[in-house]
Structures are given as structure tokens and as C-alpha cells.
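Peer 1: Here you go, sequence then predicted model.
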Amino acid sequence: GDSVTQTEGLVTLTEGLPVMLNCTYQTIYSNPFLFWYVQHLNESPRLLLKSFTDNKRTEHQGFHATLHKSSSSFHLQKSSAQLSDSALYYCALSGSNNRIFFGDGTQLVVKP
Amino acid sequence: NSKVIQTPRYLVKGQGQKAKMRCIPEKGHPVVFWYQQNKNNEFKFLINFQNQEVLQQIDMTEKRFSAECPSNSPCSLEIQSSEAGDSALYLCASSSTANTGQLYFGEGSKLTVL
């Protein structure tokens, strides 16, 4: 079945350093949609990025990700972390059925 | 501010009691999802609807959980006999499409089963 793997449960880094959160997925569907959602403390998740086009970079609010179907990956990156980026980040997949699967999430903590 | 309205924000139930949560999707969104977010922040898909019809649901939902999205009324998720393991944040999300659209989440209903 469809699944999403986020390998890091917690990422801690210093303000100004680059961010990379890993996401890989598994699906039999040849045209999956991939999403990144962000959830700040005591808030509901909201969409950060989405993509369905292979090898095309998508950007929003300083974050970017590129869907690579060859490696089934959709890693989230940012060139310079800010304190306000501290949050839970979820990678999500819409694949071969009408469900949207979420990974287990990565807690990003940005320190001064 | 979320345009998906969930009520109540908090529920406290004893084991074996019923727990019912409601969700009003964003206007014009025919698709509604229910997710369970546990204390480890893991998301579990429960069920989704397109208009009044169930699209997908997991086995857990088929047993103690029931859900509906009647026409012209809020959607609802009900646990017939609550168990301690059901304590979680229940998130409702709506979307314009079943699998390609952005999910808009409500603020959730936090269930505590004593």
C-alpha cells in the first residue's frame, strides 16, 4: 500500500543554517501528488508546498522541494532557517486511492 | 483563521461512553477527511467523504467508529464505546477534490478518555 517515510523525528539547528527534511514515499500510482504541511504549536496543519510534476522545483515562503519520481523523494529545503520556522513538518502523499497519507512528522527546532 | 469549524474543542469521556464530534467543512468543499493525531503527533487516516458518500475508511472506523456527512448538516464522527487508546486530537479537513487538492484543517476536537 501507499506510505510515506520521514526519517528524522527531530531536527535541531541554529538560526541561519540550511534546512533539509527528508521525505520518501511508496506508491503504485504513477502520478502521485506530494505535499508538505506545517503545524505550529497549538495550531492546525496548513499546506506549505505541493507538487505532482517530476523534477520541477516548487517554492513557497522560502521553502522549496522537488519531486523526484526516480528516487520517490520529496525533500523539503530552505537555505537559511529562522526561529519562526520551528514547527512540525509533515510530508503527505496522495497516491493510488482517495486517501492522503501523512508521514510521522519531523519536529524542527531552530535555536538562536 | 480556520474556515473549517470543529466542535467541541475538548471532550472528556469515561471508558465505554459515546463521544461525538462535528465538523462544518469550508463552503463549497465536497470532500471531508477525518484524521486522528495521537500524542506522538502521528496522523492516522480514519475516513473520508465526497458529499454524503464514503470514499475510504479504515478497519478501525468500521467497528467502533461511525461517521456521516448528511446533506445540509455538519459532518460527524462518533465513537460508540470510547477506550483509553482513543484519546487523541481528531482533525477534520475539507478539500475541493479527493486526492489532488489542498486540505484545509479545522482546529480539532481533543478527546480525553479517562
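Peer 2: Yes, it's here. Please read all numbers here as calculations on a predicted model, not as lab measurements. Numbers count the residues shown, from 1 in each chain, chains lettered A, B, ... in the order given.
Peer 1: Name all residues that make contact with A:Asp85.
Peer 2: Counting by Cβ atoms under 8 Å, 6 or more residues apart in numbering or on different chains, A:Asp85 touches A:19, A:78, A:108, A:110. All C-beta spots, glycine's among them, are computed from the backbone N, C-alpha and C.
Peer 1: Adjacent strands (with direction) for the worst-scoring helix or strand of chain A on mean pLDDT?
Peer 2: Lowest by mean pLDDT, DSSP states H and E among the helices and strands of chain A is strand A:100-102, with a mean of 90. According to DSSP bridges, strand A:100-102 has the following sheet partners: strand A:87-94 (antiparallel).
Peer 1: average pLDDT for the partner strand?
Peer 2: For strand A:87-94, mean pLDDT rounds to 96.
Peer 1: So which residues make contact with it?
Peer 2: A:2-4, A:6, A:21, A:23, A:25, A:27, A:32-41, A:45, A:48, A:74, A:76, A:100-103, A:105-108, B:41, B:43, B:99-100.
Peer 1: Check the offset of it from the chain's centre.
Peer 2: 5 Å (Cα atoms, centre = their mean, to the nearest Å).
Peer 1: residue ranges of the strands in the chain, please?
Peer 2: Defaulting to chain A. Taking DSSP state E as the criterion, chain A contains strands spanning A:3-5, A:10-14, A:19-21, A:24-26, A:33-39, A:46-51, A:57-60, A:63-66, A:76-78, A:87-94, A:100-102, A:106-111.
Peer 1: The chain in question should be chain B.
Peer 2: Under the criterion DSSP E, chain B contains strands at B:5-7, B:10-13, B:19-24, B:31-37, B:43-50, B:53-57, B:65-68, B:75-79, B:88-95, B:104-105, B:109-113.
Peer 1: number of nearby residues for residue 6?
Peer 2: I'll assume chain A. Residues lying near A:Gln6 (other Cβ atoms under 10 Å in any protein chain shown) number 20.
Peer 1: oops, I was thinking of chain B
Peer 2: 25.
Peer 1: what's the closest non-adjacent residue to it?
Peer 2: B:Gly106 (3.7 Å; Cβ to Cβ, 6 or more residues apart in numbering or on different chains).
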